[in-house]
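>>> just to be clear, the model below is a prediction. Sequence and coordinates:
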Amino acid sequence: MGYPRVAVLVAIYNGGLYLKEQLHSIRNQKGEFHCDIIMHDDCSTDNSFEVINEFTVLDNFFLINDNIRLGSAAMNFFHLIRSIDLDRYDYIFFSDQDDIWCENKIISAIELMKLKKAQCYFSDLQPFGPDFKTGEILKKSYPVVAFDYLFQGGSAGCTYCLKSSAAKFVCKYIDILDIARCSKISHDWYFYALTRAAGYSWAIDSNPLVFFQR
């Protein structure tokens, strides 16, 4: 059996100030897996495109360069997940443009999902910014409660990973419900609610493997 095949989807809009550091943190992930980083820029007006071009010269960084303005992070992620060939990947990760990933984020998620025999994953976060103390943890690793997914997502979407089977299921309902018209919807809640309602299991990690820009 070969190494796991990973896709990291990065939604970008005017993220030039932080984007380079985030992409470096994804590029520098440790572990044995094949990883493609797939980006979509939502018609940024800052230097995001210049930063993106610095990375697309590398073998595993790709830009969906369609010049489509979607108008929100959620719509950007919906567009990304529908634009890739999910059969090529085992695990799909979601990345904001302004966070920083711990170097073991990807492999830790894969290993926990295997251990728990789970199709989905989320984790705690470590927020950073002027209003937060160093080392403060944003705890999301609470026990699952029946129907809690009707009211909130599991964690921030930037911690999520879906196996390809769960990602295909999500895409099916993006198409059926024409979710592109629901501009105010939260992609992290939508992914979580759909998969939980359908019985997909989630591995919940108390390790804060994302530095979350607030």
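Sure thing, it's come through.

>>> contacts for stretch 148-157 next, please.
77, 94, 96, 122-125, 138, 140-141, 160, 186-189, 191-193, 196-197, 202, 204, 210, 212 (Cβ atoms under 8 Å, 6 or more residues apart in numbering). C-beta coordinates here come from the backbone N, C-alpha and C atoms, glycine included.

>>> how about a cut-off of 7 Å?
Applying Cβ atoms under 7 Å, 6 or more residues apart in numbering, the contact partners of stretch 148-157 are 94, 122-123, 125, 140, 186-189, 191-193, 196-197, 202, 212.

>>> which pair in those spans the largest distance?
Of all pairs drawn from these, the greatest distance, 26.1 Å, lies between Ala197 and Phe212 (Cβ to Cβ).

>>> who has more neighbours, these two?
Higher neighbour count among Ala197 and Phe212: Phe212, with 21 against 12, using other Cβ atoms under 10 Å.

>>> so the more buried one makes contact with Leu138?
Yes. Counting by Cβ atoms under 7 Å, Leu138 is a contact partner of Phe212 at 6.4 Å.

>>> which residues are common contacts for these two?
Common neighbours of Phe212 and Leu138 (Cβ under 7 Å, 6+ apart) are 125, 127.

>>> of the contacts of stretch 148-157, closest to Tyr3?
Checking the contacts of stretch 148-157 one by one against Tyr3 (Cβ to Cβ), the nearest turns out to be Phe94, at 20.6 Å.

>>> tell me which residues touch Ser186, please.
Applying Cβ under 7 Å, 6+ apart, the residues near Ser186 are 74, 153.

>>> now the helices for the protein?
16-27, 48-55, 73-83, 105-116, 164-176, 187-197 (DSSP state H).

>>> who's in contact with the shortest one?
When contacts are defined by Cβ under 7 Å, 6+ apart, helix 48-55 is touched by residues 12, 14-16, 19-20, 23, 39, 41, 61, 63.
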